[in-house]
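Asks: 3D, please:
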Amino acid sequence: MLSRANNFWWSLGALAVSALIILPAFAIAWLAIGSGNSIWPQLARTVLPGYVLQTVALMAGVGLFTLLIGSVTAWLITMYRFPGRKVLQWALVLPLAIPTYIIAYTFVHVFEYAGPVQGIFRQLFGWSSPVDYWFPELRSLPGAILVLSLVLYPYVYLTARASFIKQGAAQIEVARTLGSTLPQALRRIALPLAHPAIAVGVSLAMMECLNDIGAVEFFGVRTLSVGIYATWLGKGNLPGAAQLAVVMLLFVTALIALERSGRRMERADTRASKEAAPTGVRLHGIKGFTATVVCSVPAALGFILPAGVLLSFAMERGGQMTARAYGAAAMNSVMVSLIAALVILALGLFIAYAQKLSRSPIVALAVRLITAGYATPGAVLGIGVLVPLAAFDNALDGFMRDHFGVSTGLLLTGSVAGLVFAYVVRFLAIGLGSLEAGLKRITPNLTSAARTLGRGPLSTLVEIDLPLLRPALLSAALLVFVEAMKELSATLILRPFNFETLATLVYAQASLDQLEDTGLAALTIVVAGIIPIILLSRMMGKARIIRPAQLLSSGRFR
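Replies: Coordinates of the predicted model:
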């Protein structure tokens, strides 16, 4: 009876935390529908159609390009052996380390009219003005699609490659025995079997595309995310921003449905093969060179080029940014990211253990709602967090005025605490996924033995589970820390006045066309982003079979 009572309190606590995490979503719906300040007719007549069309076009273009790049490179790496393959198989993941807004800034710097590429062309051919030649405009919708695809294709590459490996060698060899070439086996067998996993990767890339604000704004693409930011901070219309956020949540819901459908189909259609992974066909001559080039170009454009540009900025003009500005931004980033990581570790461990103890469908549903927070775009999340924080501050201020004659002002709104709360809502799914995976690897016999010896749930967690969870705790902390370091959209909306993080500092300077002065700050973000890539590479090296669900539980690295 005592055990059931303990489990009840753990479950109740997990439900309370879940309610707090999903509160921003309900706040958005309440503000959009019940504020009494509906601007739906005005939005429908003016900006909403443009926002929706550009958002759909951007997502469709990024989905198509990431599908092509990710699937082709995954097939080549899995099924063929060619020069440079061992390096390229992990180099193709590196673009995930660079935030989309940073790669956008570097690409414009390199390929704009005043950049080095067009400058070389003018010197070689004697051109003197844009009238003499044509060059594609990078600050456009096609430019945004290209650049975002170069950052986000690794989602498809990872899931597609995992699926190709799981299919094993037997099915491919049977197809080749029946006269099919490897490209024909790809079209007839491998792609149909990998379709669910690829759908997961594409949906994740599109989610990140929907969340982006820095890159698309820099390219002049007016998406819903940019519209929310402009409506709230530019026009001061919070209800209007909330109503745009509701529209954006419809896109998020559709992408979550696509991603979960792909996972269900992937589990039903594809079992982890116990056969040997495909050994691959060795390519020589022009074929091997072509395969090397095809796999090298995405890695070069998605990581080597922007990282090289940032490194040159840091070396040549690092002194242009004062040590004080960089130091303050770095300290702020580390502080809020570290606090968020610690809070998420505590909450994630509590929720994961409560779910393990209760096995209640209600708790399981609450946990699923928590994981949806990571799919929520930062701009939407910023509005959703702002509403309850402002309501709490106003209620507390009114109470203190009425009873004590003291004004408390805004305690949480526009504070570090509010920013940390937003990070917790957005990134709790990462920590929770890693800790759930860690708990599943602990044999239930240890827990049962401890309970038999009279240990309660808390004692069992502290004495048995925590020591065994150290790798999962470290992994979760690192992944959350890095994701928080890179977060831009929610930070722009919720940060305190005169509070700069590395992400907002780079964004602000790039908006003033002064990216060269922030090379050190941008390079710091990129170096931090490589940490999850190293963890992922180690995981890929230790396990022959890589499940897409395992990759997702380790966090989405953009």
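Asks: okay, CA-based contacts and neighbour counts for the rest of this
Replies: Will do.
Asks: spatially nearest residue to T73 (excluding sequence neighbours)?
Replies: C295 (5.6 Å; C-alpha to C-alpha, 6 or more residues apart in numbering).
Asks: and the pLDDT at that neighbour?
Replies: With respect to pLDDT, C295 scores 95.
Asks: isn't A476 up against L435?
Replies: Yes: counting by C-alpha atoms under 8 Å, A476 touches L435, with 7.2 Å between them.
Asks: tell me how the chain divides into domains.
Replies: 1-30+322-500, 40-102+142-312+512-558 (automatic domain parsing).
Asks: now the ones you listed as CSV including distance to L124?
Replies: Converted to CSV, those look like this (distance: least, C-alpha to C-alpha, whole Å):
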stretch, distance to L124
domain 1-30+322-500, 38
domain 40-102+142-312+512-558, 22
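Asks: possible to save those domains as TSV with mean neighbour count?
Replies: Formatted as TSV, those follow (neighbours: other C-alpha atoms under 10 Å):
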stretch	mean neighbour count
domain 1-30+322-500	19
domain 40-102+142-312+512-558	20
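Asks: this protein: strands as residue ranges?
Replies: For the chain, strands defined by DSSP state E occupy the ranges 80-81, 281-282.
Asks: same question for the last one, mean pLDDT?
Replies: Which is strand 281-282. Looking at strand 281-282 alone, the average pLDDT works out to 81.
Asks: could you do stretch 193-202 as well?
Replies: For stretch 193-202, mean pLDDT rounds to 80.
Asks: likewise for stretch 507-526?
Replies: Average pLDDT, stretch 507-526: 82.
Asks: now swap in stretch 241-261 and tell me
Replies: Per-residue scores along stretch 241-261 average to 79.
Asks: stretch 531-551 now?
Replies: Stretch 531-551 comes out with an average pLDDT of 53.
Asks: so where's the protein shaky on pLDDT?
Replies: Residue ranges of the chain with pLDDT under 70: 1-6, 34-40, 167-191, 262-280, 317-323, 443-458, 461-463, 535-558.
Asks: ok, longest helix in it?
Replies: What stands out as the longest helix in the chain, according to DSSP state H, is helix 323-358.
Asks: hmm, back to that, contact partners for the residue nearest to T73?
Replies: Contacts for C295 (C-alpha atoms under 8 Å, 6 or more residues apart in numbering) come out as T73, L76, L88, L92.
Asks: ok, L233 next?
Replies: Here L233 is in contact with I493 (C-alpha under 8 Å, 6+ apart).
Asks: report the contact partners of C209.
Replies: Neighbouring residues of C209 by C-alpha under 8 Å, 6+ apart: L58, M59, V62, L148.
Asks: so who does I213 touch?
Replies: Listed by C-alpha under 8 Å, 6+ apart, the contact set of I213 reads Y101, S225, V226, A379, L488, S489.
Asks: closest one of the residues you listed to V52?
Replies: S225 (10.2 Å; C-alpha to C-alpha).
Asks: quick one: that closest one and G382 touch, right?
Replies: No: S225 is beyond contact range of G382, at 10.9 Å (criterion: C-alpha under 8 Å).
Asks: circling back to that earlier point, ok, which of the strands of the chain comes nearest A329?
Replies: Set against A329 and scored by C-alpha to C-alpha, these come closest in strand 80-81, at 45.0 Å.
Asks: partner strands of that closest one and their direction?
Replies: Sheet pairing of strand 80-81 (DSSP bridges) gives strand 281-282 (parallel).
Asks: centre of the chain to the partner strand, how far?
Replies: Relative to the mean C-alpha coordinate of its chain, strand 281-282 is positioned 35 Å out (C-alpha atoms, centre = their mean, to the nearest Å).
Asks: contacts for that strand, please.
Replies: By C-alpha under 8 Å, 6+ apart, the residues outside strand 281-282 that reach it are M79, Y80, R81, F82, G288.
Asks: against T292, how distant is the fourth one?
Replies: Think F82. Plainly put, F82 is 7 Å away from T292 if you go by C-alpha to C-alpha, to the nearest Å.
Asks: can you check the second one too?
Replies: Between Y80 and T292 the computed distance is 10 Å (C-alpha to C-alpha).
Asks: can you pull the contacts of the closest residue to L345 other than its chain neighbours?
Replies: Leaving out its chain neighbours, the residue that sits closest to L345 by C-alpha to C-alpha, 6+ apart is G431, at 6.3 Å. Shown in contact with G431 (C-alpha under 8 Å, 6+ apart): I344, L345, G348, A476, A477, L479, V480, G555.
Asks: which one of these is nearest A375?
Replies: Using C-alpha to C-alpha, G555 comes nearest to A375 of these, at 11.5 Å.
Asks: on that earlier part again, now, which of the contacts of C295 sits nearest L386?
Replies: In terms of C-alpha to C-alpha, no member of those lies closer to L386 than L92, at 37.8 Å.
Asks: doesn't A299 make contact with the closest one?
Replies: Yes: taking contacts as C-alpha under 8 Å, L92 lies within contact range of A299: 5.0 Å.
Asks: run a quick neighbour tally on Q123.
Replies: Q123: 10 surrounding residues under other C-alpha atoms under 10 Å.
Asks: tell me how far it lies from S129.
Replies: Distance, Q123 to S129, using C-alpha to C-alpha: 11 Å.
Asks: kindly report the same for L381.
Replies: According to C-alpha to C-alpha, L381 stands 45 Å off from S129.
Asks: with P467 instead?
Replies: Applying C-alpha to C-alpha, the value for P467 to S129 is 66 Å.
Asks: picking that back up, which among the contacts of strand 281-282 gets closest to I370?
Replies: The shortest approach to I370 among these belongs to M79, at 38.0 Å (C-alpha to C-alpha).
Asks: ok, the closest one to A91 distance?
Replies: Applying C-alpha to C-alpha, the value for M79 to A91 is 17 Å.
Asks: pretty sure P116 sits against V108.
Replies: No: with contact defined as C-alpha under 8 Å, P116 does not count as touching V108 (10.5 Å).
Asks: so the two - more neighbours on which side?
Replies: Neighbour tally, P116 and V108, criterion other C-alpha under 10 Å: the higher count belongs to V108, 19 against 13.
Asks: can you pull the contacts of that one?
Replies: G115, L138, R139.
Asks: give me the neighbour count for the first one.
Replies: Spelled out, that is G115. By the criterion of other C-alpha under 10 Å, G115 has 13 neighbours.
Asks: kindly report the same for the last one.
Replies: For R139, the count of nearby residues is 19 (other C-alpha under 10 Å).
Asks: and the residue nearest to it when sequence neighbours are not counted, how far is that from L494?
Replies: Computed as C-alpha to C-alpha, 6+ apart, the closest residue to R139 that is not its neighbour in sequence is F219, at 4.1 Å. The spacing between F219 and L494, counted by C-alpha to C-alpha, is 24 Å.
Asks: before we move on, what about I286?
Replies: Separation of I286 from L494 (C-alpha to C-alpha): 54 Å.
Asks: over to Y101?
Replies: Distance of Y101 to L494, given as C-alpha to C-alpha: 19 Å.
Asks: next one: G236
Replies: Distance from G236 to L494, counting by C-alpha to C-alpha: 14 Å.
Asks: residue contacts, the nearest residue to S333 once chain neighbours are set aside?
Replies: In this structure, S333 finds its nearest non-sequential neighbour in T501, 4.9 Å apart by C-alpha to C-alpha, 6+ apart. Listed by C-alpha under 8 Å, 6+ apart, the contact set of T501 reads A328, A329, A330, M331, N332, S333, M485.
Asks: hmm, 10 Å instead?
Replies: By C-alpha atoms under 10 Å, 6 or more residues apart in numbering, T501 lies in contact with 325-336, 485-488, 491-492, 495, 507, 521.
Asks: now do F26
Replies: So F26 contacts A19, A32, G384, V387, P388 (C-alpha under 10 Å, 6+ apart).
Asks: equivalent analysis for D513, please.
Replies: By C-alpha under 10 Å, 6+ apart, D513 lies in contact with Y105, H109, Y507.
Asks: tell me the gap between stretch 98-114 and the middle of its chain.
Replies: How far stretch 98-114 lies from its chain's middle: 20 Å, per C-alpha atoms, centre = their mean.
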